[in-house]
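**Q** 3D, please:
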Amino acid sequence: MARLTLDEAIEFLQAIEAGAVTLRTPVSPQRIFAGDVTYAASNGWTLVVYVDANEWDYVARVVSDDGRTLSREDAAILINRYTASDEVAWARYRIPGYRRRRCEGCGRDIKQSRESRPRSTRCRGCGGVHDLEEPAAEG
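**A** Next up, the predicted model:
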């Protein structure tokens with residue numbers, strides 16, 4: 001079987017950024033502090049993104065709808081050629097950013113608690129259990 005080309009993979013990622021392709025994942029990406037987040041794309045493709053400390057790190061794997069994947073060499077190039085901005089990581093991939101937790105309803109920062117793992121990814125105002133971070137005082 002032919003390999004997925006680097007250009008095809010980049011075109012796929014750009015379609016995600018543009019909103020032409022949407023993603024689903026069985027677990028909220030922010031529940032995976034460090035590790036692989038697997039997405040099913042609306043075009044039938046599969047995408048695996050590695051996150052570290054709740055921040056986008058790199059594309060770990062891309063699989064087309066016909067099962068093609070990138071060669072090891074092209075995968076290494078893709079890691080260096082493509083990264084999602086913080087805004088895109090949140091808007092398209094629901095990856096909240098370095099050591100952040102965000103409400104999946106309103107997008108605002110959720111207070112972090114060391115005592116327990118999050119039971120929800122929503123703030124109280126959006127039907128969850130978490131308080132929002134207070135905005136930093138200007139001065």
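
**Q** ranges for the strands of the chain?
**A** 23-24, 34-41, 46-52, 55-63 (DSSP state E).

**Q** Reformat those strands as JSON lines; add mean neighbour count and mean pLDDT.
**A** For every residue, glycine as well, the C-beta is placed using N, CA and C. Listed next are the strands of the chain as JSON lines, based on neighbours: other CB atoms under 10 Å; pLDDT from 0 to 100:
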{"stretch": "strand 23-24", "mean neighbour count": "14", "mean pLDDT": "96"}
{"stretch": "strand 34-41", "mean neighbour count": "16", "mean pLDDT": "96"}
{"stretch": "strand 46-52", "mean neighbour count": "18", "mean pLDDT": "95"}
{"stretch": "strand 55-63", "mean neighbour count": "19", "mean pLDDT": "93"}
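
**Q** Return the distance of stretch 87-101 from the chain's centre.
**A** The gap between where stretch 87-101 is centred and where its chain is centred comes out at 6 Å by CA atoms, centre = their mean, to the nearest Å.

**Q** returning to that earlier point: any chance of the strands of the chain in TSV, with distance to residue 69 too?
**A** Formatted as TSV, the strands of the chain follow (distance: least, CB to CB, whole Å):
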stretch	distance to residue 69
strand 23-24	18
strand 34-41	14
strand 46-52	9
strand 55-63	5
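
**Q** Out of those strands, which is closest to residue 122?
**A** strand 23-24 (17.8 Å; CB to CB).

**Q** Packing partners of that closest one?
**A** strand 34-41 (3 or more CB pairs under 8 Å, 6 or more residues apart in numbering; DSSP states H and E).
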